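*Asks:* need a 3D model of the sequence below.
(4 chains)
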Amino acid sequence: MPTLEEQRFDELIAADARVEPRDWMPEGYRKTLVRQISQHAHSEIIGMQPEANWISRAPSLKRKAILMAKVQDEAGHGLYLYSAAQTLGTPRDEMFQALVDGTAKYSSIFNYPTLTWADMGAIGWLVDGAAICNQVPLCRASYGPYGRAMVRICKEESFHQRQGFEILLELMNGTDAQKAMAQDAVDRWYAPSLMMFGPPDGDSPNSQQSMAWNIKRFSNDDLRQRFVDMLVPQAEALGVTLPDPDLRFNEQTGHYDYGQLDWDEFHEVLAGRGPCNGQRLAHRRKAFEDGAWVREAAAAYARTQAQLEKVAS
Amino acid sequence: MPTLEEQRFDELIAADARVEPRDWMPEGYRKTLVRQISQHAHSEIIGMQPEANWISRAPSLKRKAILMAKVQDEAGHGLYLYSAAQTLGTPRDEMFQALVDGTAKYSSIFNYPTLTWADMGAIGWLVDGAAICNQVPLCRASYGPYGRAMVRICKEESFHQRQGFEILLELMNGTDAQKAMAQDAVDRWYAPSLMMFGPPDGDSPNSQQSMAWNIKRFSNDDLRQRFVDMLVPQAEALGVTLPDPDLRFNEQTGHYDYGQLDWDEFHEVLAGRGPCNGQRLAHRRKAFEDGAWVREAAAAYARTQAQLEKVAS
Amino acid sequence: TADVAEYALWLGDDALVLAQQLGWWISRAPELEEDIALGNIALDLLGHARSLLSYAGSASGRTEDDLAYWRGERDFRSSQLVEQPNGDYAHTIVRQLAAAVSMYELYSRLQSSGDATLAAIAAKAVKEVAYHREHCVEWFRRLALGTDESRRRLEIALDHVWPYVGDLFRDEPLIDRLEGIAVRPSSLRPAFDAVIDALAAETGIVFPAADTARGGGRRGWHTEYLSLLLAEMQVLAREHPGATW
Amino acid sequence: TADVAEYALWLGDDALVLAQQLGWWISRAPELEEDIALGNIALDLLGHARSLLSYAGSASGRTEDDLAYWRGERDFRSSQLVEQPNGDYAHTIVRQLAAAVSMYELYSRLQSSGDATLAAIAAKAVKEVAYHREHCVEWFRRLALGTDESRRRLEIALDHVWPYVGDLFRDEPLIDRLEGIAVRPSSLRPAFDAVIDALAAETGIVFPAADTARGGGRRGWHTEYLSLLLAEMQVLAREHPGATW
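*Replies:* Numbers count the residues shown, from 1 in each chain, chains lettered A, B, ... in the order given. Now for the predicted structure:
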């Protein structure tokens, strides 16, 4: 027979209500959430790098300002998410250490390089677009702090997606070199962004439990389909070609059919053999190690100040 | 009464013959030489920086190759000169340490920044030109190892000067922007290069003794005059204006008269308050400190290898 | 007028170069909070730069981007201080301390400029720069009084950066022609020194002399760092002349 | 032919990018002898690059400088290995080890190419590259067997750099079209591995897997480092279109 606590938890889930930090929850639920939220936080932090790579070279001051603000927002998202995960009892330092050690996962999409300015557009339009499709349902995630963090994040992400679309639009209205740059970026980011939703439903063992717990609301393939359906008219508006010869409208389903994705590549990147895995981790580790003396100084200063205040009071 | 050794030394000087490392020499002679040769070596080493600054940006592959070879030659000159100084009993490490510590002097000219590509031309033409005027007489310096090092160095320097002239010539035959760049560089390097010969004869107390010892052969002002006389026709050939309104041919002396130099500036730079003094020293110090672990590894490896060979024999 | 435009370039170029430098830290700061804080400061400065360069260009029909991307280093009017490299975090904080404290004094006074546009830009900027000043003063305290290592690094940074501070306070003939419009740089010095002296007394840090480097940024005489910074900043825009973004 | 020109770009771009990287060390090396040694290697490589790019451009009426300064990063055909950053001295030595050992094997075979120009370039280059190989193998030994610190740094460098080594040995369709002219990259692998295995046995260093990074430099897929390297390398030439120097 379930305990009273278990009953109460099951009722919350059944009523599609929020679970809060003070509530009892099953260990599996807690672990799943910590894993998912911290991975998401790590993704925001690592995800700063591909775009930070172009801050110094942004081709107009307006674009430089928008890009700086965006990358900075990503740091902010990382902070919200670490805070949400902390409410589950895992300290931020511990999660961050796991990232730096290379033991924690983050979204594979950020292991692709940003080769041209157009990648700023493609990341906004495709990567942030896929992120939003993934994340909007998470605003209703059963765990309260997570759902609320996602509400805030989704608002900013949709702003980012629109900025990405605008970058591409400007390029597609520009010179031939700019158009070519935009198409090249879309060619490189399209398939990886579709793979952001994770493996096909048949190969995604953890999804069922997450859906039962009202963490996940839609299957990987459902979300992917929704994303493709959204992209096609936007691509037409932009005038870019989506690099999938099998992409066509299916009159029967009312959806766009799309071609096979290269899941071998996905698993290679996931396993650490993507174009930038080593670089991304090394960059973050270097920032962490180079900053150690600064954090130590700040901590020592804070201790001294606290002592002085104690003496004074 | 002079000792036999003193007599023999004085005879060598009187005969304008070479003093060699095995010969007895007065302490003052030895000290003067160590100071002068090591300063000269330091100047070659610090002097690599202003030009190394443009290796990465050289505007053609041919110019890149020439510039790399030149900066590398300067390292080579530094090595010859440290070797020559070592024959006087001061170890290279000690001299190098003094450079890194900031206690040793080097030529002030290298405390000026290289702001454009044309500076590669101006340095070659003016700075190397002045160096050659200074150094050709040193090939006959009474101390053998120094004189022989200078022979080798002068050969390469005159090659460098010619390359600098060619850079400027190419610019002066180029676009308006290139011409302006060349004139701007000449404007900035002309007066500092004239000051490379040191203060006017009246303010140069050590010169007399150096001349008596056959180290120095001509006075500062004589060398400076020789340099100016050489520059004027070359400037005309280039089509650049030398930035001195008082410069004109003096029918009576057969030389070019030139205007007052800003000796206050010279003394400011000498005292460490030039445009780049801090940067030049910091650059060299950083290379030295960053390389410490490499030198230690090489030394440790050499020790181990020596031991292995001993055991094997 | 051309003189006012030139003066706007002084301030705009300082803000732009500094924004470019601070932008580097985003994704590289010692903690995430600093990624955000330095990013905020960079964004504020970029905002000031855009206002000032737009104003500077208005006299000659040039846009902010014309000025930011299509001038070479001899035409930049930034001080030699802001082009000094990021170095480690201590270098950045020291450079930022000199920049923010002087900018705060400058914009405070520029609010009452006879030029309405400059006054309006200053009135907005001074509020933001007040925060920048707080931020780096606080970090200066942490580094000075934190650990032996942080104090050691701070002192090295001061040796590198402080000689260029004097370039912020040099009067040029331009200033004589802008009586009542520009703020005379040398007039900021006492207020600047008062802040620094107080910080020195509080932390026991001995500041090196502030004007041993030659200076001359306002006349286009720069150190070797600026041209490399501009090479990176301008590369993409220059690759596509006439393009819009 | 266009195919031969494309192949010459592979080799020329490798040499050019590597020369650009090594040139940075001149005035920054751990000892003066290394300023000179790395400078010599850079000069040799620059020489190879000039021969190869001149040859590559001859098919289409372009000069070595047209190719070096006026192509963007998507048109560079260098391997991802050579664009990895200098890092500390250990990173440079590790990158140089992979580059020099593979170039030695490559040029040794290319001497008997059916293309006379490539064969002649290779015959000259192989002698120089033999010295480059000696130089970095010797330094690899010193760092591996020197001190604990040098060994630690060498291992970190291997972790960073070695994943990109595989990009040197990838065959592309181009190679099928150049039978008897180009050297098949994959055919160099056994000789390369033999040298590295011997070095591993001698020093006890465990080399990481050599092809975990994706690669694709020969198809214009680069890591994020190349475009910054080119920005600096090309800035001046591009500022003055049509100028001669």
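*Asks:* quick one, what contacts A:N250?
*Replies:* Applying C-beta atoms under 8 Å, 6 or more residues apart in numbering or on different chains to A:N250 gives the contacts A:Y256, A:D257. For every residue, glycine as well, the C-beta is placed using N, CA and C.
*Asks:* for A:A185, same thing?
*Replies:* A:L115, A:T116, A:A118, A:D119, A:G121, A:A122, A:L168.
*Asks:* look up the pLDDT of residue 36 for me, please.
*Replies:* In the absence of a named chain, chain A is used. With respect to pLDDT, A:Q36 has a value of 93.
*Asks:* try again with chain C
*Replies:* At C:I36, pLDDT is 97.
*Asks:* what is the neighbour count of it?
*Replies:* Here the neighbour count serves as a burial measure; for C:I36 (other C-beta atoms under 10 Å in any protein chain shown) it reads 20.
*Asks:* and the strand or helix carrying it, does that touch chain A?
*Replies:* Here C:I36 sits within helix C:32-58, counting by DSSP states H and E. Yes. Applying C-beta under 8 Å from any C-beta of the partner chain, one finds that helix C:32-58 is in contact with chain A at C:32-36, C:39-40, C:42-43, C:46-47, C:49-50, C:53.
*Asks:* is the following helix or strand past that helix positioned near chain A?
*Replies:* Counting by DSSP H and E, the next helix or strand C-terminal to helix C:32-58 is helix C:64-69. Yes. When contact is scored as C-beta under 8 Å from any C-beta, part of helix C:64-69 falls within range of chain A: C:E64, C:D65, C:A68, C:Y69.
*Asks:* what about whichever residue of chain C sits closest to chain B, neighbour count?
*Replies:* Using C-beta to the nearest C-beta, the single residue of chain C nearest to chain B is C:R214, 4.1 Å away. C:R214 has 23 neighbouring residues, counting by other C-beta under 10 Å.
*Asks:* buried sites along stretch A:137-146?
*Replies:* By neighbour count, and taking 16 or more other C-beta atoms under 10 Å in any protein chain shown as the criterion, the buried residues in stretch A:137-146 are A:P137, A:L138, A:C139, A:A141, A:S142, A:Y143, A:G144, A:P145, A:Y146.
*Asks:* can you flag which of these belong to helices?
*Replies:* When those are checked against helices using DSSP state H, the ones located there are A:G144, A:P145, A:Y146.
*Asks:* isn't the first one right up against A:A17?
*Replies:* Which is A:G144. No. With contacts counted by C-beta atoms under 8 Å, A:G144 stays clear of A:A17, the gap being 9.2 Å.
*Asks:* could you pull out the strands in chain C for me?
*Replies:* Secondary structure of chain C (DSSP state E): no strands located.
*Asks:* list the contacts of the closest residue in space to C:L110 that isn't next to it in sequence.
*Replies:* Distances taken as C-beta to C-beta, 6 or more residues apart in numbering or on different chains put C:A122 closest to C:L110, at 3.6 Å, once the chain neighbours are dropped. When contacts are counted by C-beta under 8 Å, 6+ apart, C:A122 is found next to C:L106, C:Y107, C:S108, C:R109, C:L110, C:Q111, C:S113.
*Asks:* what's the spacing between C:A122 and chain A?
*Replies:* Distance of C:A122 to chain A, given as C-beta to the nearest C-beta, to the nearest Å: 19 Å.
*Asks:* how far away is that residue from C:L45?
*Replies:* According to C-beta to C-beta, to the nearest Å, C:A122 stands 14 Å off from C:L45.
*Asks:* circling back: ramachandran angles for the residue of chain C closest to chain B?
*Replies:* Here the main-chain torsion angles of C:R214 (degrees, to the nearest 10) amount to phi -60, psi -40.
*Asks:* again, but for A:G102
*Replies:* Main-chain dihedrals, A:G102, degrees, to the nearest 10: phi 90, psi 10.
*Asks:* would you agree it is in contact with A:R284?
*Replies:* No. The pair A:G102 / A:R284 is not scored as a contact, 9.5 Å apart, by C-beta under 8 Å.
*Asks:* and those two? which has more neighbours close in?
*Replies:* Ranked by neighbour count (other C-beta under 10 Å), A:G102 and A:R284 place A:R284 first, with 22 against 14.
*Asks:* quickly note the distance from the more buried one to C:H160.
*Replies:* As defined by C-beta to C-beta, A:R284 lies at a distance of 27 Å from C:H160.
*Asks:* how about the contacts made by the nearest residue in space to A:A212 that is not next to it in sequence?
*Replies:* Once flanking residues are discounted, A:A212 sits nearest to A:I13: 7.8 Å by C-beta to C-beta, 6+ apart. With contact taken as C-beta under 8 Å, 6+ apart, A:I13 is in contact with A:V19, A:S142, A:A212, A:W213, A:N214.
*Asks:* quick one: C:L9 and C:R62 touch, right?
*Replies:* No. Judged on C-beta under 8 Å, C:L9 makes no contact with C:R62 at a distance of 10.8 Å.
*Asks:* which neighbours do the two share?
*Replies:* Taking C-beta under 8 Å, 6+ apart as the criterion, C:L9 and C:R62 both touch C:A56.
*Asks:* neighbour count winner among the two?
*Replies:* More neighbours surround C:L9 than the other of C:L9 and C:R62, with 23 against 16 (other C-beta under 10 Å).
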